[in-house]
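1. okay, predicted coordinates and the sequence, questions at the end:
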Amino acid sequence: MFRTTAIATMFALALPAAGLADDDDDGPSFGMAGVLSSGNKEDLPPVILSAGMPLADAPWVLQSGTYYEFEIQGDGSQELALVGPEFFRAIWIDEMVVEGLEIRPLGLDSVEFDEAGEMEIGFVAIKPGRYYMKVPGSTGETQRLEITIK
């Protein structure tokens, strides 16, 4: 009995010190931590889907464990897709936002724009390596985005 009472007393004394005893606004404030914290987030330049135009200005160099967001913008000049199955398997996709609809997929292989539109993808880079996204069936360097995850 003494042991149970002693443990209960130690626990009761530890709660205020940890800021867990009450809903007091003066206590410690715990926010998002780790990979989803705002200090670990980086915006990438958009990927542009337009007939005959480069996908991006420069290759992406990403850091494993960092949260990234980027937009894919299709101008409607042609029905265009973007594939990158190896890249999409090397990341964890938090969400895709299309016209205000949030989608949380378990995986992704490709996306396609039949008309003008915009999509935002938020993800965490996971597996280091060299990857790409490209317009399927294209052979030009400008229709391919090289991606390195360190």
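-> Yep, it's here. Bear in mind the structure is a predicted one, so any value in this text is a computation, not a measurement.
2. on the three-state scheme, the residue nearest the centre of the chain is what?
-> The centre of the chain sits closest to Phe123, judged by C-alpha atoms, centre = their mean, with a distance of 1.5 Å. Using DSSP: H, G, I helix; E, B strand; the rest coil, the structure places Phe123 in strand.
3. so it makes contact with Ile91?
-> Yes: in this structure, Phe123 is within contact of Ile91 by C-beta atoms under 8 Å, at 4.4 Å. Heads up, the C-betas are built off the backbone N, CA and C, glycines and all.
4. between the two, which contacts overlap?
-> Among the neighbours of Phe123, none is also in contact with Ile91 (C-beta atoms under 8 Å, 6 or more residues apart in numbering).
5. and the helices in this protein, which stretches?
-> Listed in chain order, the helices of the chain (DSSP state H) span residues 2-18, 85-89.
6. ok, of those, where does mean pLDDT dip lowest?
-> Mean pLDDT is lowest for helix 2-18 among those, at a mean of 52.
7. quick check: domain ranges of this protein?
-> Listed by automatic domain parsing, the domain ranges of the chain are 1-30, 34-149.
8. ranking these by mean pLDDT, which is last?
-> Among these, domain 1-30 carries the lowest mean pLDDT (a mean of 53).
9. who does the closest residue to Leu62 other than its chain neighbours bridge with?
-> Closest residue to Leu62 apart from its sequence neighbours, by C-beta to C-beta, 6 or more residues apart in numbering: Ala125 at 4.3 Å. Judged by DSSP bridges, the bridge partners of Ala125 are Ile91.
10. quick one: Ala125 from Gly65, how far?
-> Between Ala125 and Gly65 the computed distance is 7 Å (C-beta to C-beta, to the nearest Å).
11. with neighbour numbers in mind, choose between these two.
-> Neighbour count, other C-beta atoms under 10 Å: between Ala125 and Gly65, Ala125 has more, with 24 against 13.
12. list the contacts for that one?
-> Leu62, Gln63, Ser64, Gly65, Thr66, Tyr68, Ala90, Ile91, Ile149.
13. between those residues, which sits nearest Thr142?
-> Thr142 lies nearest to Leu62 out of these, by C-beta to C-beta, at 20.5 Å.
14. shouldn't Leu82 be in contact with Gly137?
-> No: in this structure Leu82 lies outside contact range of Gly137 using C-beta under 8 Å: 11.9 Å.
15. which of those two has more residues huddled nearby?
-> Shown here are Leu82 and Gly137; by other C-beta under 10 Å, Leu82 has more neighbours (20 against 8).
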